[in-house]
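Undergrad: Show me the folded form of this:
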Amino acid sequence: MVEYKCFHCNKKVGPDYLRKKVRCPYCGSKILFKQRLVSTKVKAR
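TA: Alright, predicted model coming up:
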């Protein structure tokens, strides 16, 4: 399952809550992000 985190309070938000509205249930922030399990490195040219 995909888990999102709130950018403001850093708490996990479940996908079933996001079906209703895109807001953090804890602080009300609209900025959520999906955590990556594997870090990605990008080379600058």
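Undergrad: Just give me the neighbour total for the nearest residue to Cys24 once chain neighbours are set aside.
TA: Beyond its immediate neighbours in the sequence, the residue positioned closest to Cys24 (C-beta to C-beta, 6 or more residues apart in numbering) is Cys6, lying 4.0 Å away. The way it works is simple: take the backbone N, C-alpha and C, and place the C-beta from them, glycine included. Under the neighbour criterion other C-beta atoms under 10 Å, Cys6 is assigned a count of 20.
Undergrad: Next, Cys6: phi, psi?
TA: Comment: the main-chain dihedrals of Cys6 come out as phi -80, psi 140, following degrees, to the nearest 10.
Undergrad: so it bridges to which residues?
TA: Cys6 forms beta bridges with Leu32, as assigned by DSSP bridges.
Undergrad: My guess is it contacts Tyr26. True?
TA: Yes: taking C-beta atoms under 8 Å as the definition, Cys6 is a contact partner of Tyr26 at 6.6 Å.
Undergrad: which secondary element of this structure has the worst mean pLDDT?
TA: Averaged element by element with mean pLDDT, DSSP states H and E, the chain has its least confident helix or strand at helix 15-18 (a mean of 78).
Undergrad: got a list of contacts for that helix?
TA: By C-beta atoms under 8 Å, 6 or more residues apart in numbering, the surrounding residues in contact with helix 15-18 are Met1, Val2, Glu3, Tyr4, Pro25, Leu32.
Undergrad: Out of those residues, grab the one that's most surrounded.
TA: If you count neighbours using other C-beta under 10 Å, the busiest of these is Tyr4, which has 18 neighbours.
Undergrad: That one: what's it in contact with?
TA: The neighbours of Tyr4, taking C-beta under 8 Å, 6+ apart as the test, are Lys12, Val13, Pro15, Leu18, Leu32, Phe33, Lys34, Gln35.
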